[in-house]
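**Q** My questions concern the predicted model and sequence given below.
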Amino acid sequence: MTSLTFYGGVNEIGGNKILLEDKDTKVFLDFGKSFSRRARYFEEYINPRTSNGIVDFLTMGLVPDIQGVYRDDLMVMAGRKPQKPEIDAILLSHAHSDHADYISFLHEDIPVYMGAACHLILKALEERGSRTIEREILNYKPRPYNIKDKPIPREINEFRTGDKFKIGSLEIEPIHVDHSVPGAYGFIIYTSEGPIVYTGDIRLHGTHSDMTRDFIQKAKEVKPIALITEGTRIADEAKEESEDKVYKESGKKVAESENLVFTDFNFKDVDRLKTFFNIAKENDRKFVVKINDAYFLKYLSQDKHLDVPNIDDENIIIYLPKRGSGSYSDSDYKGNDKEFLDLHNTWTAEQIAARPNKVLCAIGFYSFTALIDMKPKTGALYIHSASEPYNEEQELSQERIDAWLEHFGMNKFQSHCSGHARGQDLLEAVKEIGAKTLYPVHTVHPELYQKVSKNMVLIKEGVKYNIS
């Protein structure tokens, strides 16, 4: 018997938690954070209590209340008896929080399988930020928390395209797909009833769309009995977008400017990172990154396939923000950040301000206080290279961005290429694969897939669907 149970990603974008059972084997496809569900109850100044372990998350429905899944220490804190894990593995499609973060809660003996570049990103995220109970993917500290405790590592198994591996009765074939983060994979899973395909998150208009097309072709060839597909933008109208368009549009704006340039994008998006890095070089500007983002350069540069510059590249500058005393004293900087203090290419805001036409600052809205020290001249350029706001909270952030830009007389330019496939691309991909049954996830409009699938399931959360 083979079955699928969806504990997240149902009528929502993100939060994928998909349980696949085959004979005596059980694996989860992703185990992510649901931003929409979390935002229903929590915000910046009211968060789930770390001191309460997993209880707040279970009580408010942020994670499913199922047996044989969660860490022993968290079960004890919840007043329950620890249980042996009933899950054989986690298959992680990519490193975005809505697919990865709540692996943090899972039992310490459950192995996690992920792409090699995905592993590098998670290492960077772990090193760049303080530990939280919602971000303990690669290792964790038992609760109740003691800062002196050494983290307990999870079993991490890396893979690349071309690999195949077995988990119980299942054979797994990961295939690289194009997304807004490297190390993103779709899976072809050979079960006792036949192949099941999971897209993860995909796009067909990006720099490496050939990888996604290879995945679609392979999925079509195996004649899957089930296809689990994302549908983030299934309702969106088609529009022209590509990384090359971002490069050309933004490059033209930078070339026309003799002033300070800020650019705001998700630094895990390696295509976008390289776009602006190359624009900076071509315009005789240094590429300025935050200390937090320097960790991504440190780790992603280790993967030769990604062609990411290292922190000591002659074209890279690391921005050193004021902290503590405000005097740039070494004692103001704590933990891992100290490794960047003595580098030849670490600059303060004042050093950057002295060379406004020689830098391209990839430090974004959350570092806008640096503008107070950099004192940009009227007409400085802000390039927003991320999606437009799509909820009330993001609209408020946009209002704040606009207020800062107005205060300093800066000009805003929008240029972006989404990490998710356009609606028509998704419909054509699903039609081409031609699976026996379709299960749409990661979407608020699953019904739109009825245009191309005669046997589509409008899934319900927590319901087991038998596959045959």
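**A** Yep, it's here. All values reported here derive from a predicted model rather than from experimental measurement.
**Q** contacts and neighbour counts: CA atoms only from here.
**A** Fine.
**Q** Centre of the chain to stretch 130-150, how far?
**A** Stretch 130-150 has its C-alpha centroid displaced from the chain centroid by 21 Å (C-alpha atoms, centre = their mean, to the nearest Å).
**Q** can you give me the end-to-end distance of it?
**A** Terminal residues of stretch 130-150 lie 14 Å apart, using C-alpha to C-alpha, to the nearest Å.
**Q** now that stretch: mean pLDDT?
**A** Across stretch 130-150, pLDDT averages out at 90.
**Q** if I pick the nearest residue to Ser180 once chain neighbours are set aside, what's in contact with it?
**A** Distances taken as C-alpha to C-alpha, 6 or more residues apart in numbering put Gly419 closest to Ser180, at 4.3 Å, once the chain neighbours are dropped. Taking C-alpha atoms under 8 Å, 6 or more residues apart in numbering, we find Gly419 in contact with Asp178, His179, Ser180, Val181, Ile202, Arg203, Gly206.
**Q** Please repeat the previous calculation with a cut-off of 10 Å.
**A** Counting by C-alpha atoms under 10 Å, 6 or more residues apart in numbering, Gly419 touches 178-181, 201-206, 232, 269, 386-387.
**Q** Could you identify the buried members of these?
**A** Asp178, His179, Ser180, Val181, Asp201, Ile202, Arg203, Leu204, His205, Gly206, Thr232, Ala386 (16 or more other C-alpha atoms under 10 Å).
**Q** thinking again about what came up before, tell me which helix or strand the residue nearest to Ser180 sits in.
**A** Remark: Gly419 resides in no helix or strand, with elements defined by DSSP states H and E.
**Q** can I assume Ile175 sits in a helix?
**A** No. With DSSP: H, G, I helix; E, B strand; the rest coil as the criterion, Ile175 is strand rather than part of a helix.
**Q** ok, for it, nearest residue in space, not its chain neighbours?
**A** The shortest distance from Ile175 to any non-neighbouring residue, by C-alpha to C-alpha, 6+ apart, is to Thr161 (4.9 Å).
**Q** Over to His99?
**A** Closest residue in space to His99, ignoring its immediate chain neighbours: Gly32 at 3.6 Å, by C-alpha to C-alpha, 6+ apart.
**Q** Return the distance of the one you found relative to Gly115.
**A** The gap separating Gly32 from Gly115 is 16 Å, by C-alpha to C-alpha.
**Q** circling back to that earlier point, before we move on, could you check phi and psi at the residue nearest to Ile175?
**A** The phi/psi pair for Thr161 (degrees, to the nearest 10) reads phi -60, psi 140.
**Q** residues touching it, list them.
**A** Contacts of Thr161 by C-alpha under 10 Å, 6+ apart are Gly115, Glu173, Pro174, Ile175, His176, Val177, Gly183, Tyr185, Gly186, Met211.
**Q** run the last query once more with 8 Å
**A** Per C-alpha under 8 Å, 6+ apart, neighbours of Thr161: Glu173, Pro174, Ile175, His176.
**Q** which one of the residues you listed has the most neighbours?
**A** Ile175 (27 neighbours; other C-alpha atoms under 10 Å).
**Q** That one reaches Tyr185, doesn't it?
**A** Yes. Applying C-alpha atoms under 8 Å as the test, Ile175 and Tyr185 come out as touching, 5.4 Å apart.
**Q** how about the helices of the protein, start to end?
**A** With DSSP state H as the criterion, the chain has helices at 35-41, 55-59, 72-77, 97-100, 116-128, 209-221, 243-255, 270-282, 291-300, 349-353, 370-374, 392-408, 423-433.
**Q** Let's have these in CSV, adding distance to Ser3 and mean neighbour count.
**A** Putting these into CSV (distance: least, C-alpha to C-alpha, whole Å; neighbours: other C-alpha atoms under 10 Å) gives the following:
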stretch, distance to Ser3, mean neighbour count
helix 35-41, 25, 14
helix 55-59, 24, 16
helix 72-77, 27, 19
helix 97-100, 20, 23
helix 116-128, 27, 20
helix 209-221, 19, 18
helix 243-255, 39, 17
helix 270-282, 36, 20
helix 291-300, 37, 22
helix 349-353, 56, 17
helix 370-374, 53, 16
helix 392-408, 37, 13
helix 423-433, 20, 18
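**Q** Please tabulate those helices in TSV and include distance to Asn146 as additional columns.
**A** Shown next, in TSV, are those (distance: least, C-alpha to C-alpha, whole Å):
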stretch	distance to Asn146
helix 35-41	26
helix 55-59	19
helix 72-77	13
helix 97-100	24
helix 116-128	18
helix 209-221	44
helix 243-255	45
helix 270-282	36
helix 291-300	25
helix 349-353	36
helix 370-374	35
helix 392-408	34
helix 423-433	47
